[in-house]
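From the sequence below, what's the structure:
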Amino acid sequence: CIRDRVVGRGSASCERFTPSADGHMSDWARTRRVSAEVVVGSDERLLGELHLQPVGGRGSVEQPLDLLNRPESFLALTLRDSGVRLVSKEQLTAVAFEPAPPEAWERPLARPYGVRVKMVDGQEFEGQISVELPGVPRPIDFLNQPGSFFSLAAPERVWCLNRHRVLWVQPLEGSPHGSA
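Residues are numbered from 1 along each chain as shown. Sure thing, here's the model as predicted:
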């Protein structure tokens, strides 16, 4: 039951939420679920499943990065132990998931760059970004792209990092394309 208090009037109404005639709420239950670790700040880690749409913006299967860069402010995370939590994307530091097969998210024309990323809360992440931009793309061009989140491929998982929580990014020595 959802309670709604009208400010200044002191009255409350209660209505039971039911899906709309076109089934929008029931579509939520039909999403594709992907196991994820959601990092909120430096001290809270939530383990659960993200709810991805069967088809993403480019006509392919939606990936976690697509979900994070959609305009909605919150995402639904089904926790392993205690139901569903609706999490503000703005407050996320990072989201980790086991990668889909490379063909689902890698771009063949992209240039790989090894980088170390330090977040404002002190956490550090190391991995590879894939820069697919015209001309001779540099990591700085990639980091200045639209979208709140970007992918960082680590050996066993992919991290989606919140650009607004990044303190600095350092290209790694020995990276195939190591300049900034």
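
Could I get the full set of strands for this protein?
2-5, 12-15, 32-40, 44-52, 74-79, 84-88, 92-97, 111-119, 124-131, 149-153, 158-162, 166-171 (DSSP state E).

Give the pairing partners of the third one; include direction for each.
Put plainly, it is strand 32-40. strand 44-52 (antiparallel), strand 92-97 (antiparallel) (DSSP bridges).

okay, those in a markdown table with distance to Pro71 and mean neighbour count next?
Quick note: C-beta positions are derived from backbone N, CA and C, even for glycine. What follows is the strands paired with strand 32-40, written out as a markdown table (distance: least, Cβ to Cβ, whole Å; neighbours: other Cβ atoms under 10 Å):
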| stretch | distance to Pro71 | mean neighbour count |
| --- | --- | --- |
| strand 44-52 | 16 | 18 |
| strand 92-97 | 15 | 22 |
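
quick one: low-confidence parts of this structure?
For the chain, the stretches with pLDDT under 70 are 1-29, 56-59, 100-109, 133, 136, 174-180.

Pull the contacting residues for the residue nearest in space to the middle of it.
Central residue of the chain (Cα atoms, centre = their mean): Leu68, 3.5 Å from the mean position. By Cβ atoms under 8 Å, 6 or more residues apart in numbering, the residues touching Leu68 are 75, 89, 92, 95, 148-149, 160.

In CSV, list the strands paired with strand 32-40 along with distance to Phe125.
Converted to CSV, these look like this (distance: least, Cβ to Cβ, whole Å):
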stretch, distance to Phe125
strand 44-52, 14
strand 92-97, 7
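
quick one: which of the contacts of Leu68 is most hemmed in?
Val95 (28 neighbours; other Cβ atoms under 10 Å).
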